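# Got a predicted structure plus its sequence, pasted below:
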Amino acid sequence: MRCSGAVARTSAQLQVHSIRRRFATSSFLRRAFQEGDVVLLKDKKTANHDGLLVKLQAAKQTHTHRGNLAHADMIGKEPRQLVHSTRGNAYRIHEPTLAEYVRLTPRLVTPIYPADANLIVSLLDLHVDTPSNSPNGNPPVEILEAGTGHGALTLHLARAIHAANPPLPKLHNYASEQEPEDPVYLGESIADLQDASIETWRANRGAIVHTLDISGKHSKHARKIVDGFRHGMYASSVDFHVGDPASWITEQLKARKTVDPFLSHVLLDLPGADAYLDVVASALQVNGLLAVFNPSITQIAECVEKIRKDRMPYLLDQVVELGASTIREWDVRAVRPRATLRQAEQKDAPGSSSGAESIDAVNGQEGRDKELAQDLAKSEEKWAMVCRPKAGQEVVGGGFIALWRKMEPANLSESPEPSPAAREEA
Ligand SMILES: C[S@@+](CC[C@H](N)C(=O)[O-])C[C@H]1O[C@@H](n2cnc3c(N)ncnc32)[C@H](O)[C@@H]1O
(Lines give C-alpha, C1' and ligand atoms only; values in the text may rest on other atoms or scores of the structure.)
Protein backbone atom coordinates (compact mmCIF):
# COMPACT_ATOMS: atom_id res chain seq x y z
CA MET A 1 0.00 0.00 0.00
CA ARG A 2 1.24 3.47 -0.81
CA CYS A 3 0.52 6.04 1.87
CA SER A 4 0.53 9.58 0.55
CA GLY A 5 -0.35 11.38 3.73
CA ALA A 6 1.56 13.03 6.51
CA VAL A 7 4.96 12.07 5.24
CA ALA A 8 4.22 12.71 1.60
CA ARG A 9 3.05 16.32 1.98
CA THR A 10 6.37 18.03 1.33
CA SER A 11 7.58 21.19 2.95
CA ALA A 12 7.27 22.89 -0.45
CA GLN A 13 3.55 22.12 -0.47
CA LEU A 14 3.09 23.27 3.11
CA GLN A 15 5.03 26.41 2.30
CA VAL A 16 2.29 27.42 -0.10
CA HIS A 17 -0.18 27.25 2.76
CA SER A 18 2.02 29.05 5.23
CA ILE A 19 2.22 32.14 3.03
CA ARG A 20 -1.48 32.22 2.20
CA ARG A 21 -3.64 35.24 2.87
CA ARG A 22 -6.41 35.04 5.45
CA PHE A 23 -9.66 33.57 4.16
CA ALA A 24 -11.74 33.31 7.31
CA THR A 25 -15.12 35.03 6.98
CA SER A 26 -13.99 38.00 9.07
CA SER A 27 -11.24 38.96 6.63
CA PHE A 28 -12.53 38.16 3.18
CA LEU A 29 -15.93 39.88 3.16
CA ARG A 30 -14.64 43.09 1.63
CA ARG A 31 -11.37 42.01 0.10
CA ALA A 32 -10.48 42.66 -3.52
CA PHE A 33 -9.93 39.57 -5.66
CA GLN A 34 -6.35 38.72 -6.53
CA GLU A 35 -4.44 36.52 -8.94
CA GLY A 36 -4.86 32.87 -7.94
CA ASP A 37 -8.27 33.35 -6.25
CA VAL A 38 -11.12 31.05 -7.25
CA VAL A 39 -14.18 33.19 -7.94
CA LEU A 40 -17.77 32.46 -8.88
CA LEU A 41 -19.23 34.32 -11.85
CA LYS A 42 -23.01 34.53 -12.06
CA ASP A 43 -24.84 35.78 -15.12
CA LYS A 44 -26.62 38.92 -13.92
CA LYS A 45 -29.67 38.35 -16.12
CA THR A 46 -30.38 34.70 -15.28
CA ALA A 47 -31.69 34.23 -11.74
CA ASN A 48 -31.17 30.46 -11.87
CA HIS A 49 -27.62 30.64 -13.23
CA ASP A 50 -25.55 28.18 -11.17
CA GLY A 51 -22.41 30.11 -11.94
CA LEU A 52 -18.95 29.41 -13.27
CA LEU A 53 -15.95 28.75 -11.07
CA VAL A 54 -12.86 30.49 -12.37
CA LYS A 55 -9.29 30.58 -11.06
CA LEU A 56 -7.95 34.07 -11.75
CA GLN A 57 -4.84 34.26 -13.91
CA ALA A 58 -4.09 37.74 -15.21
CA ALA A 59 -3.21 36.66 -18.76
CA LYS A 60 -6.23 34.37 -19.20
CA GLN A 61 -9.78 34.68 -20.49
CA THR A 62 -12.81 32.55 -19.68
CA HIS A 63 -14.94 31.64 -22.69
CA THR A 64 -18.73 31.56 -22.33
CA HIS A 65 -21.52 31.41 -24.90
CA ARG A 66 -22.16 35.04 -23.96
CA GLY A 67 -18.63 36.21 -24.83
CA ASN A 68 -15.20 36.08 -23.25
CA LEU A 69 -14.30 37.40 -19.83
CA ALA A 70 -10.80 38.73 -19.21
CA HIS A 71 -9.39 37.73 -15.83
CA ALA A 72 -7.42 40.97 -15.71
CA ASP A 73 -10.80 42.78 -15.46
CA MET A 74 -11.77 40.69 -12.44
CA ILE A 75 -8.55 41.14 -10.49
CA GLY A 76 -9.06 44.04 -8.08
CA LYS A 77 -12.85 43.76 -8.09
CA GLU A 78 -14.70 43.28 -4.79
CA PRO A 79 -17.40 40.66 -4.17
CA ARG A 80 -20.68 41.39 -6.01
CA GLN A 81 -19.15 43.88 -8.48
CA LEU A 82 -19.89 43.46 -12.19
CA VAL A 83 -17.61 42.34 -14.99
CA HIS A 84 -18.56 42.43 -18.68
CA SER A 85 -17.91 39.91 -21.41
CA THR A 86 -16.63 40.85 -24.88
CA ARG A 87 -20.30 40.68 -25.99
CA GLY A 88 -21.37 43.13 -23.30
CA ASN A 89 -23.05 40.64 -20.95
CA ALA A 90 -22.76 41.41 -17.27
CA TYR A 91 -21.60 38.86 -14.70
CA ARG A 92 -21.46 39.38 -10.96
CA ILE A 93 -18.30 38.17 -9.25
CA HIS A 94 -18.61 36.29 -5.93
CA GLU A 95 -16.48 34.47 -3.39
CA PRO A 96 -17.83 30.89 -3.73
CA THR A 97 -19.27 29.33 -0.59
CA LEU A 98 -18.13 25.83 0.34
CA ALA A 99 -21.43 24.44 -1.02
CA GLU A 100 -21.02 26.26 -4.36
CA TYR A 101 -17.40 25.20 -4.61
CA VAL A 102 -18.22 21.52 -3.99
CA ARG A 103 -21.12 21.56 -6.46
CA LEU A 104 -19.23 23.29 -9.27
CA THR A 105 -15.74 21.78 -9.15
CA PRO A 106 -14.97 19.18 -11.84
CA ARG A 107 -15.52 15.68 -10.47
CA LEU A 108 -14.39 12.11 -11.07
CA VAL A 109 -16.92 10.54 -8.66
CA THR A 110 -20.23 11.53 -7.12
CA PRO A 111 -19.63 13.54 -3.98
CA ILE A 112 -21.79 13.72 -0.88
CA TYR A 113 -23.76 16.88 -1.60
CA PRO A 114 -23.41 19.84 0.75
CA ALA A 115 -26.78 19.52 2.53
CA ASP A 116 -26.06 15.85 3.28
CA ALA A 117 -22.44 16.54 4.23
CA ASN A 118 -23.56 19.20 6.71
CA LEU A 119 -26.03 16.79 8.30
CA ILE A 120 -23.40 14.04 8.52
CA VAL A 121 -20.93 16.39 10.22
CA SER A 122 -23.66 17.39 12.65
CA LEU A 123 -24.55 13.74 13.39
CA LEU A 124 -20.88 12.98 14.08
CA ASP A 125 -21.14 15.49 16.94
CA LEU A 126 -17.61 16.82 16.55
CA HIS A 127 -16.36 19.24 19.20
CA VAL A 128 -12.81 20.50 19.24
CA ASP A 129 -11.13 23.16 21.32
CA THR A 130 -8.65 25.84 20.29
CA PRO A 131 -4.96 24.92 20.73
CA SER A 132 -4.60 27.44 23.58
CA ASN A 133 -7.31 25.59 25.56
CA SER A 134 -5.93 22.12 24.99
CA PRO A 135 -3.20 21.04 27.38
CA ASN A 136 -0.03 19.93 25.60
CA GLY A 137 0.30 16.20 25.41
CA ASN A 138 -3.43 15.55 24.92
CA PRO A 139 -3.83 13.11 22.05
CA PRO A 140 -5.37 14.70 18.96
CA VAL A 141 -8.87 13.95 17.73
CA GLU A 142 -8.27 11.62 14.78
CA ILE A 143 -11.02 10.96 12.25
CA LEU A 144 -10.85 8.39 9.47
CA GLU A 145 -12.84 9.00 6.30
CA ALA A 146 -12.84 6.21 3.67
CA GLY A 147 -13.24 6.80 0.63
CA THR A 148 -12.12 10.25 -0.11
CA GLY A 149 -13.91 10.43 -3.48
CA HIS A 150 -14.28 14.06 -4.56
CA GLY A 151 -13.10 15.40 -1.21
CA ALA A 152 -16.50 16.96 -0.54
CA LEU A 153 -17.11 15.44 2.86
CA THR A 154 -13.38 15.83 3.58
CA LEU A 155 -13.73 19.61 3.26
CA HIS A 156 -16.81 19.69 5.50
CA LEU A 157 -15.07 17.55 8.15
CA ALA A 158 -11.93 19.69 7.94
CA ARG A 159 -13.99 22.85 8.37
CA ALA A 160 -15.49 21.40 11.56
CA ILE A 161 -12.13 20.61 13.20
CA HIS A 162 -9.81 23.21 11.71
CA ALA A 163 -9.94 25.58 14.71
CA ALA A 164 -8.20 22.92 16.84
CA ASN A 165 -4.98 23.31 14.90
CA PRO A 166 -2.17 25.82 15.42
CA PRO A 167 -1.17 27.96 12.45
CA LEU A 168 1.43 26.53 10.14
CA PRO A 169 4.99 27.58 10.98
CA LYS A 170 6.37 30.51 9.04
CA LEU A 171 8.67 28.89 6.54
CA HIS A 172 11.59 30.39 4.72
CA ASN A 173 10.53 30.87 1.11
CA TYR A 174 13.84 29.73 -0.34
CA ALA A 175 12.23 28.68 -3.60
CA SER A 176 11.66 32.31 -4.56
CA GLU A 177 15.13 33.55 -3.67
CA GLN A 178 18.20 33.84 -5.86
CA GLU A 179 20.55 31.73 -3.71
CA PRO A 180 21.30 28.57 -5.64
CA GLU A 181 21.97 26.48 -2.52
CA ASP A 182 20.65 26.32 1.04
CA PRO A 183 22.97 28.13 3.42
CA VAL A 184 24.15 25.72 6.10
CA TYR A 185 23.66 26.46 9.79
CA LEU A 186 25.33 24.27 12.42
CA GLY A 187 25.45 21.39 10.01
CA GLU A 188 21.71 21.52 9.23
CA SER A 189 20.39 22.96 6.02
CA ILE A 190 17.40 25.31 6.10
CA ALA A 191 15.41 22.55 4.42
CA ASP A 192 16.22 20.22 7.37
CA LEU A 193 15.20 22.89 9.89
CA GLN A 194 11.98 23.48 7.99
CA ASP A 195 11.19 19.78 7.92
CA ALA A 196 11.81 19.69 11.68
CA SER A 197 9.49 22.63 12.33
CA ILE A 198 6.79 21.05 10.17
CA GLU A 199 7.12 17.82 12.13
CA THR A 200 6.77 19.74 15.44
CA TRP A 201 3.72 21.58 14.10
CA ARG A 202 2.27 18.30 12.85
CA ALA A 203 2.73 16.67 16.25
CA ASN A 204 0.91 19.59 17.88
CA ARG A 205 -2.22 19.41 15.76
CA GLY A 206 -5.35 19.03 17.89
CA ALA A 207 -7.47 17.33 15.24
CA ILE A 208 -6.81 15.52 11.97
CA VAL A 209 -8.96 14.14 9.18
CA HIS A 210 -7.25 11.06 7.72
CA THR A 211 -8.85 10.55 4.35
CA LEU A 212 -8.28 7.28 2.54
CA ASP A 213 -9.08 6.12 -0.98
CA ILE A 214 -8.18 2.95 -2.84
CA SER A 215 -7.70 4.99 -5.99
CA GLY A 216 -4.56 7.13 -6.25
CA LYS A 217 -6.25 9.09 -9.02
CA HIS A 218 -9.26 9.99 -6.85
CA SER A 219 -7.02 10.87 -3.94
CA LYS A 220 -4.88 13.18 -6.10
CA HIS A 221 -7.94 14.90 -7.53
CA ALA A 222 -9.50 15.32 -4.08
CA ARG A 223 -6.27 16.84 -2.78
CA LYS A 224 -6.49 19.45 -5.54
CA ILE A 225 -10.10 20.13 -4.56
CA VAL A 226 -9.15 20.60 -0.90
CA ASP A 227 -6.09 22.70 -1.79
CA GLY A 228 -8.19 24.84 -4.15
CA PHE A 229 -10.74 25.99 -1.59
CA ARG A 230 -9.76 29.46 -0.37
CA HIS A 231 -6.09 28.83 -1.05
CA GLY A 232 -6.10 25.60 0.95
CA MET A 233 -7.31 27.10 4.23
CA TYR A 234 -8.38 23.63 5.46
CA ALA A 235 -5.64 21.58 3.78
CA SER A 236 -3.41 21.50 6.84
CA SER A 237 -6.10 19.63 8.81
CA VAL A 238 -6.24 16.79 6.27
CA ASP A 239 -3.81 13.90 5.69
CA PHE A 240 -4.41 12.07 2.39
CA HIS A 241 -3.70 8.35 2.17
CA VAL A 242 -4.05 5.77 -0.58
CA GLY A 243 -5.18 2.28 0.35
CA ASP A 244 -8.05 0.40 1.94
CA PRO A 245 -9.14 0.63 5.58
CA ALA A 246 -7.81 -2.80 6.56
CA SER A 247 -4.23 -2.25 5.37
CA TRP A 248 -4.19 1.39 6.52
CA ILE A 249 -5.28 0.57 10.07
CA THR A 250 -2.82 -2.33 10.31
CA GLU A 251 -0.01 -0.09 9.10
CA GLN A 252 -0.94 2.75 11.48
CA LEU A 253 -1.04 0.48 14.52
CA LYS A 254 2.34 -0.93 13.52
CA ALA A 255 3.87 2.52 13.00
CA ARG A 256 2.49 3.73 16.35
CA LYS A 257 3.86 0.59 18.05
CA THR A 258 0.61 0.07 19.92
CA VAL A 259 -2.60 -1.88 19.83
CA ASP A 260 -4.50 1.02 21.45
CA PRO A 261 -7.33 2.44 19.37
CA PHE A 262 -6.54 5.96 18.13
CA LEU A 263 -9.62 7.03 16.13
CA SER A 264 -12.53 8.94 17.65
CA HIS A 265 -14.71 8.86 14.52
CA VAL A 266 -14.82 6.70 11.41
CA LEU A 267 -16.91 7.43 8.34
CA LEU A 268 -17.18 4.80 5.61
CA ASP A 269 -18.48 5.88 2.20
CA LEU A 270 -17.30 3.02 -0.01
CA PRO A 271 -18.75 -0.12 -1.53
CA GLY A 272 -18.82 -3.19 0.73
CA ALA A 273 -18.42 -1.21 3.96
CA ASP A 274 -19.47 -4.29 5.97
CA ALA A 275 -16.12 -5.94 5.11
CA TYR A 276 -14.29 -3.30 7.19
CA LEU A 277 -16.44 -3.16 10.34
CA ASP A 278 -14.23 -5.63 12.15
CA VAL A 279 -10.89 -3.94 11.48
CA VAL A 280 -12.40 -0.51 12.24
CA ALA A 281 -13.42 -1.82 15.67
CA SER A 282 -9.73 -2.45 16.45
CA ALA A 283 -8.85 1.23 15.84
CA LEU A 284 -11.96 3.02 17.16
CA GLN A 285 -11.89 4.28 20.73
CA VAL A 286 -14.58 3.17 23.18
CA ASN A 287 -17.62 5.46 22.77
CA GLY A 288 -16.21 6.60 19.42
CA LEU A 289 -18.63 6.86 16.52
CA LEU A 290 -18.74 4.73 13.41
CA ALA A 291 -20.86 6.13 10.57
CA VAL A 292 -21.65 4.24 7.38
CA PHE A 293 -23.09 6.18 4.46
CA ASN A 294 -24.88 4.25 1.75
CA PRO A 295 -27.31 5.07 -1.03
CA SER A 296 -29.29 1.90 -0.27
CA ILE A 297 -30.93 0.89 3.00
CA THR A 298 -30.29 -2.80 2.22
CA GLN A 299 -26.53 -2.21 2.51
CA ILE A 300 -27.06 -0.60 5.90
CA ALA A 301 -29.14 -3.66 6.86
CA GLU A 302 -26.20 -5.90 5.81
CA CYS A 303 -23.94 -4.03 8.26
CA VAL A 304 -26.52 -4.36 11.05
CA GLU A 305 -26.79 -8.09 10.39
CA LYS A 306 -23.01 -8.62 10.24
CA ILE A 307 -22.48 -6.82 13.53
CA ARG A 308 -25.15 -9.00 15.17
CA LYS A 309 -23.90 -12.24 13.65
CA ASP A 310 -20.18 -11.65 14.39
CA ARG A 311 -20.92 -10.10 17.80
CA MET A 312 -18.92 -6.95 17.00
CA PRO A 313 -18.55 -4.34 19.75
CA TYR A 314 -20.95 -1.77 18.30
CA LEU A 315 -24.23 -0.42 19.58
CA LEU A 316 -26.54 0.99 16.93
CA ASP A 317 -27.35 4.62 17.72
CA GLN A 318 -29.51 5.66 14.80
CA VAL A 319 -30.24 5.21 11.10
CA VAL A 320 -31.15 8.41 9.28
CA GLU A 321 -32.39 9.02 5.75
CA LEU A 322 -30.62 11.93 4.10
CA GLY A 323 -32.20 14.20 1.53
CA ALA A 324 -35.70 13.42 2.82
CA SER A 325 -36.36 16.99 3.83
CA THR A 326 -34.92 18.79 0.84
CA ILE A 327 -33.52 22.26 1.16
CA ARG A 328 -35.59 24.23 -1.32
CA GLU A 329 -34.24 27.44 -2.74
CA TRP A 330 -36.60 30.40 -2.90
CA ASP A 331 -36.77 33.19 -5.42
CA VAL A 332 -37.07 36.40 -3.38
CA ARG A 333 -36.65 39.69 -5.25
CA ALA A 334 -38.16 43.11 -5.74
CA VAL A 335 -39.67 43.73 -9.21
CA ARG A 336 -41.10 46.69 -11.10
CA PRO A 337 -44.57 45.42 -12.19
CA ARG A 338 -44.63 46.96 -15.70
CA ALA A 339 -41.09 45.83 -16.49
CA THR A 340 -42.01 42.33 -15.35
CA LEU A 341 -45.07 42.30 -17.62
CA ARG A 342 -43.01 43.54 -20.58
CA GLN A 343 -40.51 40.72 -19.95
CA ALA A 344 -43.27 38.11 -19.77
CA GLU A 345 -44.82 39.47 -23.01
CA GLN A 346 -41.47 39.36 -24.79
CA LYS A 347 -41.16 35.68 -23.83
CA ASP A 348 -44.58 35.09 -25.42
CA ALA A 349 -43.73 36.93 -28.66
CA PRO A 350 -43.68 34.89 -31.91
CA GLY A 351 -40.29 33.24 -32.34
CA SER A 352 -39.70 33.15 -28.63
CA SER A 353 -38.90 29.61 -27.53
CA SER A 354 -40.95 29.84 -24.36
CA GLY A 355 -44.23 30.67 -26.16
CA ALA A 356 -45.28 27.02 -26.57
CA GLU A 357 -47.32 25.33 -23.87
CA SER A 358 -45.22 23.01 -21.85
CA ILE A 359 -45.69 20.69 -18.94
CA ASP A 360 -42.11 20.59 -17.72
CA ALA A 361 -41.30 22.30 -14.45
CA VAL A 362 -39.13 25.10 -15.82
CA ASN A 363 -41.35 26.11 -18.76
CA GLY A 364 -44.45 25.62 -16.63
CA GLN A 365 -42.98 28.21 -14.33
CA GLU A 366 -42.86 30.74 -17.19
CA GLY A 367 -46.67 30.57 -17.54
CA ARG A 368 -46.91 31.40 -13.88
CA ASP A 369 -44.45 34.25 -14.40
CA LYS A 370 -46.88 35.86 -16.85
CA GLU A 371 -49.86 35.47 -14.51
CA LEU A 372 -47.78 36.99 -11.74
CA ALA A 373 -46.71 39.87 -14.01
CA GLN A 374 -50.32 40.61 -14.98
CA ASP A 375 -51.35 40.58 -11.35
CA LEU A 376 -48.57 42.96 -10.41
CA ALA A 377 -49.36 45.28 -13.32
CA LYS A 378 -52.80 45.94 -11.81
CA SER A 379 -51.14 47.59 -8.86
CA GLU A 380 -49.51 51.01 -9.03
CA GLU A 381 -46.12 51.37 -10.69
CA LYS A 382 -43.92 50.71 -7.70
CA TRP A 383 -41.66 47.95 -6.47
CA ALA A 384 -43.33 44.68 -5.46
CA MET A 385 -41.90 41.51 -3.97
CA VAL A 386 -41.71 38.11 -5.66
CA CYS A 387 -41.37 35.30 -3.09
CA ARG A 388 -41.77 31.72 -4.24
CA PRO A 389 -39.85 28.44 -4.22
CA LYS A 390 -37.56 28.07 -7.22
CA ALA A 391 -38.94 25.54 -9.66
CA GLY A 392 -37.08 23.13 -11.89
CA GLN A 393 -34.19 22.58 -9.50
CA GLU A 394 -32.93 19.07 -9.48
CA VAL A 395 -33.02 17.44 -6.06
CA VAL A 396 -29.63 15.79 -5.63
CA GLY A 397 -28.05 13.65 -2.99
CA GLY A 398 -29.83 11.48 -0.49
CA GLY A 399 -29.02 8.10 0.98
CA PHE A 400 -28.83 6.60 4.44
CA ILE A 401 -26.46 7.00 7.29
CA ALA A 402 -26.17 4.58 10.19
CA LEU A 403 -24.30 5.45 13.37
CA TRP A 404 -22.89 3.03 15.91
CA ARG A 405 -21.06 3.63 19.19
CA LYS A 406 -18.10 1.43 19.97
CA MET A 407 -18.73 -0.58 23.13
CA GLU A 408 -16.31 -1.43 25.95
CA PRO A 409 -14.38 -4.60 25.10
CA ALA A 410 -15.54 -5.83 28.56
CA ASN A 411 -19.11 -5.76 27.24
CA LEU A 412 -18.22 -8.22 24.52
CA SER A 413 -19.18 -11.10 26.76
CA GLU A 414 -22.65 -9.53 27.08
CA SER A 415 -25.02 -10.51 24.34
CA PRO A 416 -25.73 -7.44 22.18
CA GLU A 417 -29.08 -5.80 22.88
CA PRO A 418 -31.73 -7.57 20.84
CA SER A 419 -33.66 -5.46 18.38
CA PRO A 420 -37.32 -4.75 19.24
CA ALA A 421 -38.31 -7.16 16.43
CA ALA A 422 -36.10 -9.93 17.84
CA ARG A 423 -37.65 -9.31 21.28
CA GLU A 424 -41.11 -9.68 19.79
CA GLU A 425 -40.14 -12.94 18.08
CA ALA A 426 -38.70 -14.41 21.32
C1 LIG B 1 -18.74 7.75 -3.64
S2 LIG B 1 -17.06 8.04 -3.49
C3 LIG B 1 -16.93 8.91 -1.98
C4 LIG B 1 -17.39 10.35 -2.10
C5 LIG B 1 -16.90 11.21 -0.96
N6 LIG B 1 -17.47 10.82 0.30
C7 LIG B 1 -17.19 12.67 -1.22
O8 LIG B 1 -17.94 13.30 -0.43
O9 LIG B 1 -16.68 13.25 -2.18
C10 LIG B 1 -16.44 6.45 -3.05
C11 LIG B 1 -14.92 6.36 -3.07
O12 LIG B 1 -14.54 5.17 -2.41
C13 LIG B 1 -13.36 4.69 -3.01
N14 LIG B 1 -13.22 3.27 -2.65
C15 LIG B 1 -13.84 2.20 -3.19
N16 LIG B 1 -13.46 1.07 -2.57
C17 LIG B 1 -12.58 1.43 -1.61
C18 LIG B 1 -11.82 0.72 -0.62
N19 LIG B 1 -11.91 -0.60 -0.49
N20 LIG B 1 -11.01 1.42 0.20
C21 LIG B 1 -10.90 2.77 0.09
N22 LIG B 1 -11.61 3.49 -0.83
C23 LIG B 1 -12.42 2.84 -1.65
C24 LIG B 1 -13.57 4.95 -4.49
O25 LIG B 1 -12.34 5.01 -5.17
C26 LIG B 1 -14.30 6.30 -4.45
O27 LIG B 1 -13.41 7.36 -4.63
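Looks like it came in fine.
# State the number of residues packed around D260.
11 (other Cβ atoms under 10 Å). No exception for glycine: its C-beta is placed from N, CA and C like everyone else's.
# quick one: it from Y113, how far?
Applying Cβ to Cβ, to the nearest Å, the value for D260 to Y113 is 36 Å.
# just S282 next, same as before
S282 is 32 Å from Y113, by Cβ to Cβ.
# quick one: which of those two has more around it?
Y113 (21 against 15).
# Would you agree the more buried one is in contact with L98?
No - taking contacts as Cβ atoms under 8 Å, Y113 lies outside contact range of L98: 11.7 Å.
# Could you list the contact residues of the stretch 251-400 of the chain toward the ligand?
269-271 (Cβ under 6 Å from any ligand atom).
# Filter those residues down to the buried ones, ChimeraX style.
Here is the ChimeraX command that picks out the buried ones among those, judged by 16 or more other Cβ atoms under 10 Å:
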select :269,270
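# In the stretch 101-250 of the chain, mark out all the strands, start to finish.
For the stretch 101-250 of the chain, the strands defined by DSSP state E, counting those that start in this stretch occupy 141-146, 184-185, 188-189, 207-213, 238-242.
# Between those strands, which has the poorest mean confidence score?
Lowest mean pLDDT within the strands of the stretch 101-250 of the chain: strand 184-185, a mean of 49.
# Count the neighbours of the residue lying closest to A146 once chain neighbours are set aside for me.
Counting by Cβ to Cβ, 6 or more residues apart in numbering, A146 lies nearest to L212, which is 4.3 Å off, once chain neighbours are set aside. Using other Cβ under 10 Å, L212 has 25 other residues around it.
# wait, what's in contact with L212?
144-148, 241-245, 248 (Cβ atoms under 8 Å, 6 or more residues apart in numbering).
# In these, which residue is surrounded by the most others?
T148 (31 neighbours).
# Roughly how far does that residue sit from G398?
For T148 relative to G398 (Cβ to Cβ), the value is 20 Å.
# what's near enough to touch L268?
146, 245, 276, 280, 290-293.
# give me the beta-bridge partners of it?
A146, V292 (DSSP bridges).
# Give me the secondary structure label for H63.
Classification of H63 by DSSP: H, G, I helix; E, B strand; the rest coil places it in strand.
# Now for it, how many residues are close by?
H63 has 10 neighbouring residues, counting by other Cβ under 10 Å.
# next one: T97
Neighbour tally, T97, other Cβ under 10 Å: 11.
# G206 too?
Going by other Cβ under 10 Å, the residues that sit close to G206 add up to 21.
# what about it, distance to G288?
G206 is 17 Å from G288, by Cβ to Cβ.
# Equivalent analysis for N133, please.
Relative to G288, and taking Cβ to Cβ, N133 is found at 21 Å.
# got it, and Q194?
34 Å.
# do P111 as well
25 Å.
# Counting by contacts, list what the one helix or strand N68 maps to packs against.
Assigned by DSSP states H and E, N68 falls within strand 67-70. With contacts defined as 3 or more Cβ pairs under 8 Å, 6 or more residues apart in numbering; DSSP states H and E, strand 67-70 has these neighbours: strand 61-64.
# and the strand it packs on, what other elements does it pack with?
By 3+ Cβ pairs under 8 Å, 6+ apart, strand 61-64 packs against strand 52-55, strand 67-70.
# Could you list the buried residues of it?
Per 16+ other Cβ under 10 Å, strand 61-64 contains these buried residues: 61-62, 64.
# can you check stretch 300-312 too?
300, 302-304, 306-308, 312.
# Check what contacts that stretch and list those residues.
Residues contacting stretch 300-312 (Cβ under 8 Å, 6+ apart): 273-274, 277-278, 281, 292, 294, 314, 316, 319, 400, 402, 404, 412, 415-416.
# Hmm, N89 and D43 touching each other?
Yes - at 6.9 Å, D43 counts as touching N89 under the criterion of Cβ under 8 Å.
# what is in contact with these two at once?
Once Cβ under 8 Å, 6+ apart is applied, the residues that D43 and N89 both contact turn out to be R66.
# Where does the prediction get shaky in the stretch 51-200 of the chain?
134-136, 171-191, 193 (pLDDT under 70).
# got the residues of it near the ligand?
109-112, 146-153.
# Could you measure from T62 over to R103?
From T62 to R103 the distance is 18 Å (Cβ to Cβ).
# Also A59?
28 Å.
# And the protein, what are its domain boundaries?
As given by automatic domain parsing, the domain ranges for the chain are 11-19+100-325+398-412, 34-94, 330-389.
# which of the ones you listed sits most buried?
With neighbours defined as mean count of other Cβ atoms under 10 Å, those peak in mean count at domain 11-19+100-325+398-412, which reaches a mean of 18.
# for the stretch 201-350 of the chain, what are the low-confidence residue spans?
Looking at the stretch 201-350 of the chain by pLDDT under 70, you get 324-350.
# At which residues are the helices of it located?
Assigned by DSSP state H, counting those that start in this stretch, the helices in the stretch 201-350 of the chain fall at 216-228, 245-255, 277-283, 297-309, 337-348.
# Let me have those in JSON lines, extended by distance to E408.
Listed next are the helices of the stretch 201-350 of the chain as JSON lines, based on distance: least, Cβ to Cβ, whole Å:
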{"stretch": "helix 216-228", "distance to E408": "34"}
{"stretch": "helix 245-255", "distance to E408": "19"}
{"stretch": "helix 277-283", "distance to E408": "12"}
{"stretch": "helix 297-309", "distance to E408": "16"}
{"stretch": "helix 337-348", "distance to E408": "65"}
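# out of these, which comes closest to N68?
With Cβ to Cβ as the criterion, N68 lies closest to helix 216-228 of the helices of the stretch 201-350 of the chain, at 22.6 Å.
# helices and strands around the closest one, which ones?
helix 152-161, strand 207-213, strand 238-242.
# Format these as TSV; extra columns: distance to K55.
TSV is the format used below for the helices and strands packed on helix 216-228 (distance: least, Cβ to Cβ, whole Å):
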stretch	distance to K55
helix 152-161	17
strand 207-213	23
strand 238-242	20
